[in-house]
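A.B. asks: What would the 3D arrangement of this be:
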Amino acid sequence: MRFFGCLMVSVALLWSVGCSSSRPADDEPGAKQPREPQVEVAPLMEALATIRTPFRAAAERERTALATRAGEAPRYRKAMTETVEARGGEFHFSLPDGPSGAVAPLRAALDTLPLHAIPTEDYPIQALDDAVEKVRGAASKAAPLRDALRALPGWGPLESLVAREDPPTESDVEHLLQDDRLEDLTAAALATLVDAVKADCAAREALLDARIALELTASEAFFRFAMDMKFRIKAHPFKAHTNLGQAVRNHHDGLMAAFDAFARDPEAGLKALLPAHPYYLATVEGLALYRKFAEAGPFKPLPGKVKLKRGSRGAAVQDLVERLAQEGYWDGPIPSVFNEDVENAVKQYQATHGFNEDGILEARHLTSLNVPVETRIRQIELSLQRWRESEVRHHEPTYVRVNLPEFMMEVWADGELALKHRIVCGNNNWDVDPDARIEGRLNRTKLFTSNIETIAINPRWHVPARIRKLELDFELLNDPTYYQKHNFVVKVLPDGRELIYQDAGDSNALGRVKFVFPNPYGIFMHDTNAKKFFDREIRAFSHGCIRLQEPFVVAKLLIERANGMTAEQVIAIRNAAEPRDVKLKTPVPIFLEYNSVGVAPDGRMMFFSDIYGYDRDYFDGKIPYSDEELKTLQRKIQKVD
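C.D. replies: Coordinates of the predicted model:
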């Protein structure tokens with residue numbers, strides 16, 4: 001028994017030693033700390049109430065702030081508001097992580113504005129760059145805060161309670177606690193969570209403000225670009241916009257369509273705003289070239305009374321060639337003899353400046369050569385503006401373009417230049433209309449767009465009353481047989497009025513063909529029996545109608561493309577000598593324009609006479625014409641003697 005008792009004591013001691021060695025004291029190193037208790041319902045409810053307000057306010061602003069702020073835009077308010085509404089309030093120029101793919105193409109387009117001679121002062125370019133950087137900065141700050149919040153214990157199950165419309169209840173919280181979905185959310189973790197939500201909301205607000213600023217600034221830049229490239233009229237003497245705000249309202253539907261195309265494909269949408277006609281891009285390139293000419297120095301002045309031709313010698317020839325070289329018409333050593341090469345260079349210059357190409361340099365050519373390069377640049381810049389205002393629809397399968405200062409008309413077919421012929425247009429004389437009791441520049445050919453609907457072959461010319469009183473009556477006084485000699489017919493109407501027309505034939509003032517297109521001015525395009533005027537450089541001699549040098553070539557092409565008739569059939573109609581109206585099954589658009597700069601086949605710039613003074617008046621700030629200026633063009637009169 002004694003032995004047994006000692007054995008029990010020994011076992012107890014061993015047990016005691018073993019147990020003490022396997023369970024270190026709590027204050028010993030490596031001892032496991034007691035777990036912090038899970039957060040209670042009451043403090044959790046208080047925390048949820050604290051973070052719910054800023055969290056939901058931030059979410060609500062993200063949904064509605066853009067639409068609200070879009071209505072604050074000063075000039076493009078309606079367009080901005082409707083584009084935002086069409087997207088359901090979504091942003092177009094930014095994403096939560098930074099600028100969207102629409103920004104870079106727009107910014108690149110703005111960089112091209114000087115190439116198109118569009119002033120940049122009114123564009124928010126710097127503001128756009130600043131807005132882009134602010135969005136990037138705000139997004140870079142918001143992203144890590146958002147990621148950090150999502151990684152915190154408890155935020156996953158609590159976010160839905162914070163975000164929903166109804167406030168969370170104690171029952172909601174108790175369920176989360178009972179389901180152990182918040183087992184890691186202690187009091188300390190909850191405090192961290194509250195701070196993280198506040199920081200995230202502040203970052204979201206800052207990012208939202210930055211995104212809104214970018215959206216408004218980029219939208220304004222786009223709409224301004226669209227207005228300048230496609231819709232704004234500044235150079236047309238009678239249609240130029242006097243109020244940009246009204247112009248924006250007038251073109252609202254066009255702006256909306258343009259933005260829709262831009263939203264679908266930014267690069268294609270921006271490109272579609274530029275004039276599609278190949279002359280426009282060529283003129284942009286021409287402007288860049290003449291700016292380089294200007295950088296090289298002013299054009300060399302030439303004496304205005306020198307006449308030079310092949311065989312001429314001396315310093316005057318050298319000065320001429322040096323001047324031609326400045327504008328790209330000569331490349332190589334400067335000769336002192338007016339040889340064949342110089343003659344060809346002069347002919348090239350004449351061809352691109354509205355002169356007949358005879359290779360002889362005279363006073364009018366020197367006047368042209370002495371136009372400063374800065375003036376040429378201004379003319380090219382104005383030409384670009386006129387192209388942006390042009391109503392020419394280059395996508396049309398067939399169309400006619402008449403450029404009055406060039407005294408030329410063109411037929412374009414399937415995007416290519418098919419025909420180009422000389423014209424005679426309305427003169428710039430001061431004239432009188434006794435019936436309307438007005439006087440002024442009445443014979444200027446008007447600028448408008450229409451459709452050629454009928455081609456009259458062997459037409460009669462119904463004489464306008466003004467021409468009868470001012471011209472034919474005087475001819476009758478001098479020669480009572482004038483009507484008979486020139487094939488005029490006088491028809492007395494039942495009411496006693498006389499109708500005078502000239503029968504079809506070679507002596508007819510309209511020639512053998514007339515192109516009819518509706519317009520309020522009584523203007524049409526026609527053949528003529530006065531062919532000599534086509535040899536002139538300045539061909540403004542008509543009463544407003546357009547005389548065409550090769551009318552049957554044009555008629556055959558248009559009738560063939562519109563009606564499928566052959567050239568032989570058209571010629572047969574003409575040879576029949578009877579009046580015949582050919583109604584085009586597909587009317588052909590015709591555009592009567594005024595552009596004093598053109599493009600030669602080799603891409604050179606061409607400069608023409610400002611026959612009606614519209615360039616001069618534009619540069620003098622008179623366009624659009626005021627009521628006072630219009631009175632200098634036309635005014636009422638009391639009596640005609």
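A.B. asks: where does the chain dip in pLDDT?
C.D. replies: For the chain, the stretches flagged by pLDDT under 70 are 1-36, 638-641.
A.B. asks: Specify the residue ranges that define each domain of it.
C.D. replies: 41-271, 299-371, 398-457+512-573+580-636, 461-503 (automatic domain parsing).
A.B. asks: mind giving me JSON lines with those and columns for mean neighbour count?
C.D. replies: Glycine gets a C-beta too; all of them are placed from N, C-alpha and C. Formatted as JSON lines, those follow (neighbours: other C-beta atoms under 10 Å):
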{"stretch": "domain 41-271", "mean neighbour count": "17"}
{"stretch": "domain 299-371", "mean neighbour count": "16"}
{"stretch": "domain 398-457+512-573+580-636", "mean neighbour count": "18"}
{"stretch": "domain 461-503", "mean neighbour count": "13"}
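A.B. asks: Quick one, which of those gets closest to Arg378.
C.D. replies: Ranking the domains of the chain by distance to Arg378, with C-beta to C-beta as the measure, places domain 398-457+512-573+580-636 first at 6.7 Å.
A.B. asks: First-to-last residue distance for the closest one?
C.D. replies: The first and last residues of domain 398-457+512-573+580-636 sit 40 Å apart, counting by C-alpha to C-alpha, to the nearest Å.
A.B. asks: Tell me the helices and strands packed up against the lengthiest strand in the chain.
C.D. replies: As assigned by DSSP state E, the longest strand anywhere in the chain is strand 580-593. Helices and strands touching strand 580-593, as assessed by 3 or more C-beta pairs under 8 Å, 6 or more residues apart in numbering; DSSP states H and E, comprise strand 398-403, strand 448-457, helix 551-563, helix 567-575.
A.B. asks: quick one: the strands in the stretch 301-450 of the chain?
C.D. replies: 398-403, 408-413, 416-426, 431-433, 438-440, 448-457 (DSSP state E, counting those that start in this stretch).
A.B. asks: so which of the ones you listed gets nearest Val582?
C.D. replies: Using C-beta to C-beta as the measure, strand 448-457 is the one of the strands of the stretch 301-450 of the chain that comes nearest Val582, at 4.7 Å.
A.B. asks: Dump the strands of the stretch 301-450 of the chain to CSV, plus distance to Pro480.
C.D. replies: Compiled in CSV, the strands of the stretch 301-450 of the chain are given as follows (distance: least, C-beta to C-beta, whole Å):
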stretch, distance to Pro480
strand 398-403, 39
strand 408-413, 38
strand 416-426, 30
strand 431-433, 25
strand 438-440, 29
strand 448-457, 30
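A.B. asks: so which of those strands gets nearest Glu46?
C.D. replies: Put simply, out of those the one that sits nearest Glu46 is strand 448-457, at 72.9 Å, with distance taken as C-beta to C-beta.
A.B. asks: quick check: angle from the closest one to helix 567-575?
C.D. replies: Between the direction of strand 448-457 and that of helix 567-575, the angle (axes from the mean of the first three to the mean of the last three C-alpha atoms, to 10 degrees) works out to 70 degrees.
A.B. asks: Now do strand 448-457: which elements does it pack against?
C.D. replies: Helices and strands in packing contact with strand 448-457 are listed as strand 513-516, helix 551-563, helix 567-575, strand 580-593; criterion 3+ C-beta pairs under 8 Å, 6+ apart.
A.B. asks: closest one to Leu106 among the ones you listed?
C.D. replies: Of the helices and strands packed on strand 448-457, nearest to Leu106 by C-beta to C-beta is strand 580-593, at 30.1 Å.
A.B. asks: The closest one - which strands sit beside it in the sheet, and in what orientation?
C.D. replies: In the sheet containing strand 580-593, its partner strands are strand 398-403 (parallel), strand 448-457 (antiparallel), by DSSP bridges.
A.B. asks: which ones are touching the most centrally placed residue in the chain?
C.D. replies: A centroid search over the chain (C-alpha atoms, centre = their mean) returns Met229, at 1.9 Å, as the residue closest to the centre. Taking C-beta atoms under 8 Å, 6 or more residues apart in numbering as the contact definition, Met229 lies against His116, Ile118, Leu273, Leu274, Arg388.
A.B. asks: helix, strand or coil for the fourth one?
C.D. replies: Taken by DSSP: H, G, I helix; E, B strand; the rest coil, the conformation at Leu274 corresponds to coil.
A.B. asks: hang on, isn't it packed against Tyr280?
C.D. replies: Yes. With contacts counted by C-beta atoms under 8 Å, Leu274 reaches Tyr280, the gap being 6.8 Å.
A.B. asks: And those two? Which one has more around it.
C.D. replies: Between Leu274 and Tyr280, counting by other C-beta atoms under 10 Å, Tyr280 is the more crowded of the two (21 against 17).
A.B. asks: so which strand or helix has that one?
C.D. replies: Tyr280 is located in helix 278-296, with elements delineated by DSSP states H and E.
A.B. asks: buried residues in that helix?
C.D. replies: Neighbour counts over helix 278-296 (16 or more other C-beta atoms under 10 Å) mark Tyr279, Tyr280, Ala282, Thr283, Val284, Gly286, Leu287, Tyr290, Phe293 as buried.
A.B. asks: And the residue nearest to the third one when sequence neighbours are not counted, its phi and psi?
C.D. replies: Think Ala282. Distances taken as C-beta to C-beta, 6 or more residues apart in numbering place Val599 nearest to Ala282, at 4.4 Å, with adjacent residues excluded. Reported as degrees, to the nearest 10, the phi and psi values for Val599 are phi -130, psi 120.
A.B. asks: Also Gly496?
C.D. replies: Main-chain dihedrals, Gly496, degrees, to the nearest 10: phi 90, psi -10.
A.B. asks: same thing with Leu214?
C.D. replies: Per degrees, to the nearest 10, the residue geometry at Leu214, taken as phi and psi, is phi -70, psi -40.
A.B. asks: and what of Lys198?
C.D. replies: Dihedral pair for Lys198: phi -60, psi -40, per degrees, to the nearest 10.
A.B. asks: surely it meets Ala57?
C.D. replies: No. Taking C-beta under 8 Å as the contact criterion, Lys198 and Ala57 are not neighbours in contact, 11.7 Å apart.
A.B. asks: Tell me how many other residues crowd Leu382.
C.D. replies: Burial of Leu382, expressed as a neighbour count using other C-beta under 10 Å, amounts to 20.
A.B. asks: Only alpha carbons, please: show stretch 79-95 as CSV.
C.D. replies: Output in CSV follows, covering the C-alpha atoms of stretch 79-95 (Å, rounded to 0.1, in the frame of the first residue of the first chain):
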residue,chain,number,x,y,z
ALA,A,79,-29.0,69.4,-77.6
MET,A,80,-27.0,68.3,-74.5
THR,A,81,-30.2,67.6,-72.5
GLU,A,82,-31.7,65.5,-75.3
THR,A,83,-28.5,63.5,-75.9
VAL,A,84,-28.2,62.7,-72.2
GLU,A,85,-31.8,61.7,-72.1
ALA,A,86,-31.4,59.5,-75.1
ARG,A,87,-28.6,57.6,-73.3
GLY,A,88,-30.7,57.2,-70.2
GLY,A,89,-28.5,59.6,-68.2
GLU,A,90,-25.4,57.6,-69.0
PHE,A,91,-22.0,59.3,-69.6
HIS,A,92,-20.6,59.3,-73.1
PHE,A,93,-17.1,60.8,-72.7
SER,A,94,-16.1,59.0,-69.6
LEU,A,95,-16.2,55.7,-67.7
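A.B. asks: Many thanks, have a good one.
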